[in-house]
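Asker: the following block contains a protein sequence and its predicted model.
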Amino acid sequence: MKFSIGGSLKLAFRPWVEGLENIPAEGPAILASNHLSFSDSFFLPAVLDRKVTFIAKAEYFTSPGVKGKLTAAFFKGVGQLPVDRSGARGAGEAAIKSGIEVIERGELFGIYPEGTRSPDGRLYRGKPGGLARVALATGAPVIPVAMIDTEKIQPPGKVVPKLMRPGIRIGKPLDFSRYQGMDGDRFILRSVTDEVMYEIMKLSGQEYVDIYATAAKRQIADAEKAAKESGKAADKAAKAEKAEAEKAEQAEAEKAKGETGAE
């Protein structure tokens, strides 16, 4: 199924790729990518000859009905691995365990260090858990990847994708084997993650924001809520002002009518 889906994506969207030579022909490696769109996990595997395994919500594999079965078959076909994300800590540990298992099988493991999609197209601070811990526990090389323009093809909330050419830039492998076994040191984890994010930033050309994408999403949601509430307050004030003006106008009209009658 991977090849049929990949072939269809390449035919329909014609993605351009730079740096394919940086993907090893065999052996394990971690592909660390920015995350702009839901479709990132499909376009990257589509341009590679080797299978890439990403982490996906378990709900994609357990939904009932015909649609649920088709969705599960699709995600399995493109190399998605189900992980139960109920409970943040449990989800993180499950993802790390799954990533290590993929690497130990000599395969390619795909991960998004930002932890979630960018809410505005900028690159956000990488989370020091999954990526660095899998890299330091296994000694596998980390290959930075930049997805280009995929957010324009399928923005969050859009079901039907726009036909246009996305791009993929693949950087040179980063070797962190010197830190192998030090996955319990939070300073090392932070350093490894930041180095990878810097390489992704150079490849993607994105503006870097030194906060987590999850925090940025909360800020955006809070700002939208405040703007909505402000808009409601402004509408209420405008309606009250209009009602007051109409009341004053009516009073003036009645006064003028009374004065006319007195004459």
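Answerer: Yes, it's here.
Asker: all contacts plus neighbour counts: C-alpha atoms, from now on.
Answerer: Noted.
Asker: where exactly do the helices run in this structure?
Answerer: 2-13, 40-46, 59-62, 65-77, 88-104, 130-138, 150-153, 186-204, 213-262 (DSSP state H).
Asker: among these, which comes closest to residue 24?
Answerer: helix 88-104 (13.1 Å; Cα to Cα).
Asker: may I see the buried residues of the closest one?
Answerer: Neighbour-count burial for helix 88-104, with 16 or more other Cα atoms under 10 Å as criterion, is recorded at 92, 94, 95, 96, 98, 99, 100, 102, 103.
Asker: neighbours around the closest residue to residue 177 other than its chain neighbours, how many?
Answerer: In this structure, residue 177 finds its nearest non-sequential neighbour in residue 139, 4.7 Å apart by Cα to Cα, 6 or more residues apart in numbering. For residue 139, the neighbour count with other Cα atoms under 10 Å is 20.
Asker: in contact with residue 139, which residues?
Answerer: 175, 176, 177, 180 (Cα atoms under 8 Å, 6 or more residues apart in numbering).
Asker: the second one reaches residue 136, doesn't it?
Answerer: Just to be clear, that refers to residue 176. Yes - between residue 176 and residue 136 there is a contact at 6.9 Å, judged by Cα atoms under 8 Å.
Asker: those two: which is more packed in?
Answerer: Legend: neighbour count by other Cα under 10 Å for residue 176 and residue 136, higher for residue 136 (24 against 16).
Asker: how far away is residue 197 from residue 252?
Answerer: Plainly put, residue 197 is 69 Å away from residue 252 if you go by Cα to Cα, to the nearest Å.
Asker: who has more neighbours, the two?
Answerer: With neighbours defined as other Cα under 10 Å, residue 197 and residue 252 compare such that residue 197 has more, 25 against 12.
Asker: just checking, that one touches residue 126?
Answerer: Yes - between residue 197 and residue 126 there is a contact under Cα under 8 Å: 6.4 Å.
Asker: and for those two, which residues touch both?
Answerer: residue 113.
Asker: residue 169 contacts residue 149, correct?
Answerer: No - contact criterion Cα under 8 Å: residue 169 and residue 149 do not qualify, at 11.5 Å.
Asker: what bits of the stretch 1-150 of the chain have low per-residue confidence?
Answerer: Low-confidence segments of the stretch 1-150 of the chain, defined by pLDDT under 70: 1-6, 57-63, 66-79, 82, 84-91.
Asker: please repeat the previous calculation with a cut-off of 80.
Answerer: Residues of the stretch 1-150 of the chain that meet the criterion pLDDT under 80 lie in 1-7, 56-92.
Asker: from residue 155, how far out is the residue nearest the centre of the chain?
Answerer: Closest residue to the average C-alpha location of the chain: residue 117 at 1.4 Å, with Cα atoms, centre = their mean. Applying Cα to Cα, the value for residue 117 to residue 155 is 10 Å.
Asker: again with residue 80
Answerer: 20 Å.
Asker: those two: which has the busier surroundings?
Answerer: residue 80 (23 against 20).
Asker: touching, the more buried one and residue 55? I think so.
Answerer: Yes - applying Cα under 8 Å as the test, residue 80 and residue 55 come out as touching, 5.7 Å apart.
Asker: right, and residue 37 touches residue 119 too?
Answerer: No - assessed by Cα under 8 Å, residue 37 is found out of contact with residue 119, at 9.5 Å.
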